[in-house]
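*Asks:* Predicted structure and sequence below. I'll ask about it afterward.
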Amino acid sequence: MGRHRAPEPPRRGPARSVPGRIAVATGVTCCLGLIGVAGVAETGPAHPEVREAVADRAAADQRASRDVTRVAPPAAAALPPPAPTPSATATKKPPRKPVLPKRPRPVAGLDQRQMDNAKAIVDVGREMKMPRRALVVAVATAMQESNLYNLASDVLPESFDHPHQGSGSDHDSVGLFQQRPSSGWGTVAQLMRPAYAARAFYAALREVPGWEDMSVTAAAQAVQVSAYPDAYARHEKRATTVVSALV
């Protein structure tokens, strides 16, 4: 039985045919990379086109899985880092308000306007390096002349164009020291400024020989040439109190 039957030619499996070898090689290469190449080589000689197809596929897979690290391209690497996002809790500090000089507390029965004017007189005297006694003479003089108010003059309408705290009618006398523009003390605009008026008074006091040894009333009268020379004396005590509070 079977003796006279011609032996059947050996069947070729899928791996022995050319299409089969291509399919197997392709499948193995997809999963195992270069192992598929070795498997094909063991099956025997293959057509050149099959070897080229398998080699190309293996090389492509190897390039794709070579490394998992990534390097930023030069263009991206050159970009500056992103700016930090401001914190929600960060608060912007408000600008500092300018510190205003404190106004001196009134003493010796003066109101705030009188005290401010006395401070202007004292500040100018200290700037001019005048001794403390000169400050007392100046404040006492302004107390007598204008009661420490910056006065305009009813005789000079233009004096009302400048800041003032009342008015007088003693000729063309204006300001804290009732200095007269017609006598060369300065312009109306200048004499209506307390700092200028005080500076003019101190400059004239310096020109009086021996004023440091005079009484307050004598020193004041030497500058003011008032019709009431003894009137300044009664302000000496209050002027001394005011100067002590400001120095």
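*Replies:* Yes, it's here.
*Asks:* Setting the sequence-adjacent residues aside, check what's closest to Q179.
*Replies:* Nearest non-adjacent residue to Q179, counting by Cβ to Cβ, 6 or more residues apart in numbering: W185, 3.8 Å away. C-betas here are computed from N, CA, C, even on glycine.
*Asks:* Once you drop chain neighbours, what's closest to A245?
*Replies:* That would be V107: by Cβ to Cβ, 6+ apart, it lies 4.7 Å from A245.
*Asks:* Which secondary structure state is assigned to that neighbour?
*Replies:* With DSSP: H, G, I helix; E, B strand; the rest coil as the basis, V107 sits in coil.
*Asks:* for it, what are its contacts?
*Replies:* By Cβ atoms under 8 Å, 6 or more residues apart in numbering, the contact list for V107 reads M115, T241, V242, A245.
*Asks:* what's the distance between the residue nearest to Q179 and A200?
*Replies:* Distance from W185 to A200, counting by Cβ to Cβ, to the nearest Å: 6 Å.
*Asks:* Can you check the contacts of V107 and name whichever has the most neighbours?
*Replies:* Scoring the contacts of V107 on neighbours with other Cβ atoms under 10 Å, the highest-scoring entry is V242 at 29 neighbours.
*Asks:* For the helix or strand that that one is a member of, enumerate the helices and strands it packs against.
*Replies:* Following DSSP states H and E, one finds V242 within helix 236-246. Under the contact criterion of 3 or more Cβ pairs under 8 Å, 6 or more residues apart in numbering; DSSP states H and E, the helices and strands touching helix 236-246 comprise helix 112-127, helix 132-146, helix 216-224.
*Asks:* Most tightly packed of these?
*Replies:* helix 132-146 (a mean of 25; mean count of other Cβ atoms under 10 Å).
*Asks:* averaged over its residues, what pLDDT does it have?
*Replies:* Helix 132-146 comes out with an average pLDDT of 97.
*Asks:* Give me the residues contacting that helix.
*Replies:* Residues contacting helix 132-146 (Cβ under 8 Å, 6+ apart): 117-118, 121-122, 125-126, 148, 168, 173, 175-178, 198, 201-202, 205, 211-212, 216-217, 219-220, 223-224, 226, 228, 231-232, 235-236, 238-240, 242-243, 247.
*Asks:* Next up, the contacts around P106.
*Replies:* Counting by Cβ under 8 Å, 6+ apart, P106 has contacts Q112, Q114, M115.
*Asks:* can these go into JSON lines with extra columns for pLDDT?
*Replies:* JSON lines is the format used below for the contacts of P106 (pLDDT from 0 to 100):
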{"residue": "Q112", "pLDDT": "97"}
{"residue": "Q114", "pLDDT": "98"}
{"residue": "M115", "pLDDT": "98"}
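*Asks:* for those residues, which one is nearest K97?
*Replies:* K97 lies nearest to Q112 out of the contacts of P106, by Cβ to Cβ, at 21.9 Å.
*Asks:* Tell me the spatial nearest neighbour of the closest one, not counting adjacent residues.
*Replies:* With Cβ to Cβ, 6+ apart, the residue lying closest to Q112 is P106, at 5.7 Å.
*Asks:* Alright, I will stop here.
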